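Peer 1: Let me see the structure of the following:
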Amino acid sequence: MGKIIAIANQKGGVGKTTTSVNLAASLGVLEKKVLLIDADPQANASSGLGIDVENVAIGTYQILEHSNTPEEAVIQCSAPNVWIIPAHIDLVAIEIELVDKENREYMLREALESVKDDYDYILIDCAPSLGLLTLNALTAADSVVIPIQCEYFALEGLGKLLNTIKSVQKIHNSNLDIEGLLLTMFDSRLRLSNQVVEEVQKHFNDMVFKTIIQRNVKLSEAPSFGESIINFDATSKGASNYLSLAQEIIKKNSN
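Peer 2: Next up is the predicted model:
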């Protein structure tokens, strides 16, 4: 049975999509069957894996509307063992359209029932907000990965996200776990980066992944070629960091 992992943080620019795309590709290389769901109207995870988002006919929007099944939306990526349900800018409208629906927080969970057993991991790239889209992802997920950038305002807003997770656990999804906090954009030359790492590790101990994602030019370049870092430059620091994260997640879930 597949494990559903949401990758969430309401702050933008913390490495959510970079993590979603490259973790999916790394798990795929490690011979896990992966489905990536793009639940962000910006559709960067889709374009980052070479999908032409202008021509997406069936995607996350239709899945949440229950007008199409996940099986109809799935597209195979260039990354081995990775499939994606892409997003389109029309996903912006879903927050408004779901407002009046009964069980609106459960739309994604219900839709994924039919494919949950077909994959080892289902990753959900969440939008940078705590709106209905993210709420649907957290209600559908077994666990959540929270990327935190190693910069000055790193912990700002984290309390708000943890409170949202607590209320989702209480009201919608009592089985939701925190898979881990992931430190991203780390620059060992900066004293501030090192201070953020120390602070996060001191406050959250075992909740923090051992793997730290370092700043890497190749990681920034890969999406413009529509490729994961594994396809773009398998020898880069970014590829090695995300492979290490994938191994950490696999190990954690095999215990």
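Peer 1: could you give the mean pLDDT of the host helix or strand of S240?
Peer 2: Using DSSP states H and E, S240 maps to helix 237-254. For helix 237-254, mean pLDDT rounds to 95.
Peer 1: mind listing what's buried in it?
Peer 2: For helix 237-254, burial by neighbour count (16 or more other Cβ atoms under 10 Å) applies to 237-246, 248-250. The C-beta positions use only the backbone N, C-alpha and C, and glycine is treated the same way.
Peer 1: cool, and stretch 4-16?
Peer 2: I4, I5, A6, I7, A8, N9, Q10, K11, V14, G15, K16.
Peer 1: Quick check: neighbours of the host helix or strand of I212 in the sheet, parallel or antiparallel?
Peer 2: Secondary structure assigned from DSSP H and E places I212 in strand 208-214. Sheet pairing of strand 208-214 (DSSP bridges) gives strand 177-186 (parallel).
Peer 1: Which residues does the partner strand contact?
Peer 2: Outside of strand 177-186, the residues within contact range by Cβ atoms under 8 Å, 6 or more residues apart in numbering are 5, 14-15, 18-19, 142-151, 165, 193, 196-197, 200, 204, 207-209, 211-215, 245, 248-249, 252.
Peer 1: how distant is that strand from the center of its chain?
Peer 2: Mean-position distance between strand 177-186 and its chain equals 11 Å (Cα atoms, centre = their mean, to the nearest Å).
Peer 1: and if you look at stretch 37-49?
Peer 2: Per Cα atoms, centre = their mean, the centroid offset for stretch 37-49 relative to its chain is 10 Å.
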